[in-house]
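Visitor: Structure, please.
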Amino acid sequence: VQLQASGGGLVQPGDSLRLSCAVSRRTLDYYAIGWFRQAPGKEREWVSYRGSRDGTRDYADSVMGRFTIYEDVDENTVYLQMNSLKLEDTAVYYCAASESGIWGYWGQGTQVTVSS
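Guide: Reported below is the predicted structural model:
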């Protein structure tokens, strides 16, 4: 299982950014895909996930209403649309795949910096 995260960058507060996680079709069909982030000096935290088959979506309270996770099956990609970005959203963002509740597969991180 391989995941390729991309799309990070430097933005201002209030801006939007879309992260991409490219996976295989099999991964998209059979694994839950999640987004996590790690800010400097802090532990990695879960941000959002999308269930493998049941369409489940969930978000951390800190991003609820601002971030949206969705997939493009033609592109075999899971996106994280991030709107109304805040300074505290600055972190390295990772996508991961889960089988049976264990996040066992990770992509490389992509840096998101929100700065005025």
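Visitor: how distant is the least confident helix or strand in the chain by mean pLDDT from the center of its chain?
Guide: The weakest-scoring helix or strand in the chain, judged by mean pLDDT, DSSP states H and E, is helix 25-30 (a mean of 90). Taking CA atoms, centre = their mean, to the nearest Å, one finds helix 25-30 lying 16 Å from the centre of the chain it belongs to.
Visitor: how about that helix: buried residues?
Guide: 27-28 (16 or more other CB atoms under 10 Å). C-beta here means a position set from N, CA and C on the backbone, and glycine is covered the same way.
Visitor: Stretch 64-77 now?
Guide: Under 16+ other CB under 10 Å, the buried positions of stretch 64-77 are 67, 69, 76-77.
Visitor: Farthest pair within these?
Guide: The most widely separated members of these, counting by CB to CB, are 67 and 76 (20.8 Å).
Visitor: For the buried residues of stretch 64-77, give me a markdown table that also has secondary structure and distance to residue 19.
Guide: Converted to a markdown table, the buried residues of stretch 64-77 look like this (DSSP: H, G, I helix; E, B strand; the rest coil; distance: CB to CB, whole Å):
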| residue | secondary structure | distance to residue 19 |
| --- | --- | --- |
| 67 | strand | 9 |
| 69 | strand | 10 |
| 76 | coil | 15 |
| 77 | strand | 10 |
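Visitor: Nearest to residue 60 among the residues you listed?
Guide: residue 67 (8.4 Å).
Visitor: May I have the least confident helix or strand of the chain as CSV, with CA atoms only?
Guide: Presented in CSV, the C-alpha positions along helix 25-30 are these (Å, rounded to 0.1, in the frame of the first residue of the first chain):
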residue,chain,number,x,y,z
ARG,A,25,-7.6,1.7,-6.8
ARG,A,26,-7.4,-1.2,-4.5
THR,A,27,-6.4,1.0,-1.6
LEU,A,28,-9.2,3.3,-2.4
ASP,A,29,-11.7,0.5,-2.4
TYR,A,30,-10.6,-1.5,0.6
